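A.B. asks: got a structure for you, letters missing:
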């Protein structure tokens, strides 16, 4: 055996200990370390940093929401509140807290929020937390029923109504989603009836690659209405609202919400409705700046009445639950606006107008006062009475008829609304500022002033009236047209007293167009008066004659002299013309409201949009001669007190009234407009006023009695005094 041949090429490995076992142990150690790292990381993610991912899931958003400011009041000059804001408190509850039975997903989320992160995997604790949430729900509704003195059955019925409405919305959206999903699948799949071809195979491949897989169960549908609060009770007492807000533990913010709503109240209803205007109330969720005054003082002084909105910072989670709320800037209430109008005088004027519109007037017994057609019994379609302080221009009354209840815009009534809209008398039409009409014979006051100032006529100058100017069928006096009579020899005082057309035709022919137009413009006709209400119309002056025609003989000039032609004026323009005669030649600017000077300091607010109304527009001096003023004032007093005057129906016992009647032709076969413009007392003027009745016939017969009643109302309300006195 020892001589056996040996294989020298076969190598034998040296023995170096237990090498394979060592390598296996090292490999196992490496795998063990990696496993420990992985397991440790998983444990770290699950137990330590899991909340970092939950934070992303439950991230919050912060929103700055406006707090509407309470609007200022509108008060009459005698202290009657005509408009104010009443704060209403409405109670709203989050949908998830009124839903019955509660959403399982919501209940789980609420329970998890009550637990610490480490306890959220404990099923027993999670179940206990859900029981606590349900108990809190029951306690909340029980407390609401007790605090608001509302029966649980009433609250339950209201909850059921809201839930049914939201459920119908959810079902409607779900149906549309299902229909849309089916349409998408059908559109993405090739038609089975299509023959097998390369194109069909290609469409199938594209559809499989581009169409997302259909889930057996779609994500749950959640509407915005399910994440919002819903009104449960409205118009809560202040004490109840305060008690709810002061108990955040029982009534958590975001779950139970007290929503403040400013409701504009007009205690006088239709009193001065066209002067006040309207302001729509805020609804929950509306931005305060989205609404404002519409018409009247509400619009003109909106920046004063509105004040400054506050700001509330609200923090929401991803489910739009309120988790925090704080007032960043409290609201600043609006400032009050005081009207120049006297409430009692305004009521009197409106009552007189309503009675005038309800009773047709006959004109047979009235003296003639116009170049228009013979007046007849008619029912006025609308009217206005404007009264202005002759010294300041303040409006003491500005009445329109028909009118409307301002509260209708807050408490909408379809039947009442349709009746007003369909009324041919146009109750919403602001006649005080928007209406312009031919003035008729009241404009003769301006023609007399122009002729006297231009020295075309003298106070004692006489013109013979034969009833017509040139021909018996043109340019006539009404006394001739109706009775075949004439005025004879008349001076300017007689002409104004008896409303002689021929006198003013002749004066205009001598004077020409330019002076008459110039004085019309100086008295403010043809342009807005600058009154502090929106939408004022300036009327229209006839265009200056052109083409080489003689301006002294044109029909336009002669008709303008008696307030016809294409002349249109507003009641405010006529009122301040009368005020200028009464105060000695000062053309005042009509003014409806006053605002107390803005106090700088505390709030630092500066409201600039009403600066033009803070300071009244300057009055202008007409530079009328004392002689002209004396002659015209004496003539206007004769209109009412002289037996031949056209305004005898406006006479008031114990008060000297000056004025001028007017019956303005309207054309189109419609009845004439009736005017009476004047001032009282005539010897010591204080109030200038205008009565205008649309399509009412004779000014002397129809507007004159209304003027008398209004002056009697001024006496009854103490604005002027009635005295027993004899003529000087």
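C.D. replies: Arrived safely. Everything numeric here is computed off the predicted structure, so don't read it as measured data.

A.B. asks: do I have it right that residue 691 meets residue 661?
C.D. replies: No: Residue 691 is beyond contact range of residue 661, at 9.7 Å (criterion: C-beta atoms under 8 Å). Placement of C-beta: from N, CA and C, glycine included.

A.B. asks: now for these two: what residues contact both?
C.D. replies: Residues touching both residue 691 and residue 661 (C-beta atoms under 8 Å, 6 or more residues apart in numbering) are 675, 676, 703.

A.B. asks: so the second one sits right up against residue 690, yeah?
C.D. replies: So the one you mean is residue 676. Yes: using C-beta under 8 Å, residue 676 makes contact with residue 690 at a distance of 7.4 Å.

A.B. asks: which one's more surrounded, the two?
C.D. replies: residue 676 (34 against 31; other C-beta atoms under 10 Å).

A.B. asks: so that one sits in a helix?
C.D. replies: No: counting by DSSP: H, G, I helix; E, B strand; the rest coil, residue 676 is not found in a helix; it is strand.

A.B. asks: measure how far stretch 98-108 is from the centre of its chain, please.
C.D. replies: The chain centre lies 43 Å from the centre of stretch 98-108; the measure is C-alpha atoms, centre = their mean, to the nearest Å.

A.B. asks: okay, how far is it across it, tip to tip?
C.D. replies: With C-alpha to C-alpha, to the nearest Å as the measure, stretch 98-108 spans 16 Å from end to end.

A.B. asks: and if you look at stretch 542-562?
C.D. replies: Termini of stretch 542-562 sit 13 Å apart (C-alpha to C-alpha).

A.B. asks: same question for that stretch, mean pLDDT?
C.D. replies: The average pLDDT within stretch 542-562 is 71.

A.B. asks: can you check stretch 103-118 too?
C.D. replies: 86.

A.B. asks: identify each buried residue in it, please.
C.D. replies: Residues 106, 107, 109, 110, 111, 112, 114 are the ones in stretch 103-118 that count as buried (16 or more other C-beta atoms under 10 Å).

A.B. asks: pull the residues that contact the helix or strand hosting the first one.
C.D. replies: Going back to what we said before, that points to residue 106. Applying DSSP states H and E as the criterion places residue 106 in helix 104-113. Under the criterion C-beta under 8 Å, 6+ apart, residues 96, 99, 120, 126, 129, 130, 132, 133, 134, 220, 319 lie in contact with helix 104-113.

A.B. asks: likewise stretch 709-728?
C.D. replies: Applying C-beta under 8 Å, 6+ apart, the contact partners of stretch 709-728 are 342, 344-345, 348-349, 352, 385, 387, 396-397, 650, 652-655, 657, 680-681, 683, 686-687, 689, 691.

A.B. asks: residue contacts, the closest residue in space to residue 98 that isn't next to it in sequence?
C.D. replies: Sequence neighbours aside, residue 159 is the residue nearest to residue 98 in space, at 4.4 Å (criterion: C-beta to C-beta, 6 or more residues apart in numbering). Contact analysis of residue 159 by C-beta under 8 Å, 6+ apart lists 98, 99, 100, 232.

A.B. asks: quick one, phi psi at residue 159?
C.D. replies: phi -60, psi -40 (degrees, to the nearest 10).

A.B. asks: try residue 583
C.D. replies: phi -100, psi 10.

A.B. asks: the contacts of helix 104-113: which two are farthest apart?
C.D. replies: 132 and 220 (24.2 Å; C-beta to C-beta).

A.B. asks: neighbour-wise, which of those two wins?
C.D. replies: For residue 132 versus residue 220, the count of surrounding residues by other C-beta under 10 Å is larger for residue 132: 13 against 7.

A.B. asks: quick check: closest non-adjacent residue to the more buried one.
C.D. replies: Nearest non-adjacent residue to residue 132 (C-beta to C-beta, 6+ apart): residue 114, at 6.6 Å.

A.B. asks: separation between that neighbour and residue 108?
C.D. replies: Distance of residue 114 to residue 108, given as C-beta to C-beta, to the nearest Å: 11 Å.

A.B. asks: tell me, how many residues neighbour residue 393?
C.D. replies: Number of residues near residue 393 (other C-beta under 10 Å) recorded here: 27.

A.B. asks: enumerate every residue touching the residue lying closest to it once chain neighbours are set aside.
C.D. replies: Take residue 393 and drop its neighbours on the chain: the residue closest to it by C-beta to C-beta, 6+ apart is residue 588, 3.3 Å away. Counting by C-beta under 8 Å, 6+ apart, residue 588 makes contact with 388, 389, 390, 391, 392, 393, 576, 579, 580, 619.

A.B. asks: weed out the non-buried ones from the residues you listed.
C.D. replies: 388, 389, 390, 392, 393, 576, 579, 580, 619.
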